[in-house]
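1. Just a sequence and a predicted model for now, questions to come.
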Amino acid sequence: MTIEPTQIPDVLIIKPKVFTDHRGYFFESHNVDAFKKMGIEINFVQDNESYSRKNVIRGLHYQLSPYSQTKLVRVVAGRIFDVAVDIRKNSPTFGQYVGVELSDDNKYQLLIPKGFAHGFAVLSDFAIVSYKCDQYYNPEADRGIRYNDPEIGIDWKIPMEQAIVSAKDNVHPAMKDAELNFVFGSTY
């Protein structure tokens with residue numbers, strides 16, 4: 001496995017070593033010892049999986065501290081544009097986002113730390129997305145930011161007139177009105 005930093009240093013692309021032959025492929029998507037050697041020590045406690053059709057946008061989601069989640073996101077089938085938005089007050093990258101294409105072809109994973117909102121858009125006919133979390137889902141701490149907030153300005157890589165968004169995600173507030181309790185440099 002290798003790590004590639006993004007333009008927001010705390011968000012990391014994890015590139016697994018993929019072994020291929022005439023039968024197919026094999027790779028380790030998570031190995032505690034390998035992650036520790038790369039300086040990543042996270043105790044993941046919950047795995048989630050979603051199936052979505054083309055042009056679905058899910059997000060932008062986060063949980064308030066102390067229930068905030070670090071996520072390790074990967075695509076089992078299909079292709080997505082995965083997004084992490086920095087929502088840590090006083091961060092030099094506050095309000096900025098990182099977007100990375102994750103697919104069953106490239107096998108990349110995105111490590112999204114606490115203090116970031118997360119979302120993705122489906123670029124292929126469908127996508128199965130799997131992600132690990134280091135905190136359990138807590139409905140009372142569940143929050144969101146509007147996916148099309150113009151101050152963030154995410155290019156979701158799909159035609160917006162064709163976007164399929166849940167009723168819940170359509171009513172999230174803009175980031176300036178969202179409840180945020182993350183401060184850059186704090187531990188959550």
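-> Thanks, I have it.

2. Which residue ranges of this protein form helices?
-> 32-37, 167-170 (DSSP state H).

3. which residue packs closest to Ala117, ignoring adjacent ones?
-> Leaving aside its sequence neighbours, Ala117 sits nearest to Leu60 (CB to CB, 6 or more residues apart in numbering; 3.9 Å). For glycine as for every other residue, the C-beta is placed from the backbone atoms N, C-alpha and C.

4. can you tell me how far the one you found sits from Ile154?
-> To Ile154, Leu60 is 8 Å away according to CB to CB, to the nearest Å.

5. in this protein, which residue is closest to the centre?
-> His118 (4.4 Å; CA atoms, centre = their mean).

6. Was I right to think that residue contacts Ile57?
-> No. At 11.8 Å, His118 does not count as touching Ile57 under the criterion of CB atoms under 8 Å.

7. How confident was the prediction at the nearest residue to Leu64 once chain neighbours are set aside?
-> Spatially, and ignoring its direct neighbours in sequence, Leu64 is nearest to Ala141 (4.4 Å; CB to CB, 6+ apart). Predicted confidence (pLDDT) for Ala141: 98.

8. could you list every residue that touches Ala141?
-> 63-64, 67-68 (CB atoms under 8 Å, 6 or more residues apart in numbering).

9. rerun that using 7 Å as the cut-off
-> Taking CB atoms under 7 Å, 6 or more residues apart in numbering, we find Ala141 in contact with 63-64, 67.

10. cool, Gln135 as well?
-> Neighbouring residues of Gln135 by CB under 7 Å, 6+ apart: 45, 63, 67-69.

11. If you rank the residues you listed by neighbours, which is first?
-> Neighbour count (other CB atoms under 10 Å) singles out Gln69 as the most crowded of these, with 26 neighbours.
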